[in-house]
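Trainee: 3D model of this:
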Amino acid sequence: MGKLFVTMFSTLDGVMQGPGGPGEDTEGGFTQSGWQAPFANDGSGAIILESILAMDALLIGRKTYDIWVNHWPQARDAIGDHFNRIPKYVASRTLNDPTWSGTTVLRDVPRAVAELKAAHGETRVWGSGELLTALLGHDLVDQIDLFVYPVVLGSGKRVFRDGTLPAAFELLGDPRGFSGGSVLQSYRRAGNPAYGSMSD
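Mentor: Below you'll find the predicted structure:
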């Protein structure tokens, strides 16, 4: 059985919307897209590239697909070449004819993703916050790689939305810090949350 990894870019207040560039995601009137770029550096870039080249299947939500399909199919670099070479899966109820070659639309996400994990060694989700909520709800996520950036935006779509199923995770190794203040924290699924009292 393969594993499902999730990579998320988040502000200190948990916003994951529109990290990549101005105008990337304006849903809900969001005007602060492009907040990740000021913190880009060779250290985190090397980790991101390594994780991309290690995966043998890409899983994204419809909104992320709509953003990426305007760039990656035409990209001619190590990341673009890899994305275009591996199978891609989009969780969507409305997408019928994906134009990105090698893309399959998934309707029944719980069943389809379980089958993906059986067929691929490493499937990775990038962004796709709404899809993450669904995947956590069906306990399909094995590991979350969370890049946290030292900025607070105050509004925007969050990594973990209302209605996310409670779940426990354990930290894998020490967090990795990069110049500019971003931090990578990797978490492995670890059953259900435990509860107790701090006053005992």
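
Trainee: Remind me what the lengthiest helix in the chain packs against, helices and strands.
Mentor: Longest helix in the chain by number of residues (criterion: DSSP state H): helix 42-54. Contact here means 3 or more CB pairs under 8 Å, 6 or more residues apart in numbering; DSSP states H and E; on that basis helix 42-54 packs against strand 3-11, helix 78-85, strand 122-126. In this view, the C-beta of every residue, glycine as well, is placed from N, C-alpha and C.

Trainee: The ones you listed: which one's closest to residue 36?
Mentor: Comparing the helices and strands packed on helix 42-54 against residue 36 with CB to CB, the closest turns out to be strand 3-11 (5.5 Å).

Trainee: one step back: pull the residues that contact the longest helix of the chain.
Mentor: Around helix 42-54, the neighbours that count as contacts under CB atoms under 8 Å, 6 or more residues apart in numbering are 5, 7, 78-79, 82-83, 122, 124, 145, 147, 176, 178-179, 182, 184.

Trainee: Same question for that helix: list its buried residues.
Mentor: Going by neighbour count (16 or more other CB atoms under 10 Å), the buried part of helix 42-54 is 44, 47-48, 51-52.

Trainee: what's downstream of it, the next helix or strand?
Mentor: Proceeding N to C from helix 42-54, the next assigned helix or strand is strand 57-61, under DSSP states H and E.

Trainee: what's the spacing between that following strand and its chain's center?
Mentor: Mean C-alpha position of strand 57-61 versus that of the full chain (CA atoms, centre = their mean, to the nearest Å) differs by 9 Å.

Trainee: relative to strand 122-126, how tilted is it?
Mentor: For the pair strand 57-61 and strand 122-126, the angle between their directions (axes from the mean of the first three to the mean of the last three CA atoms, to 10 degrees) equals 30 degrees.
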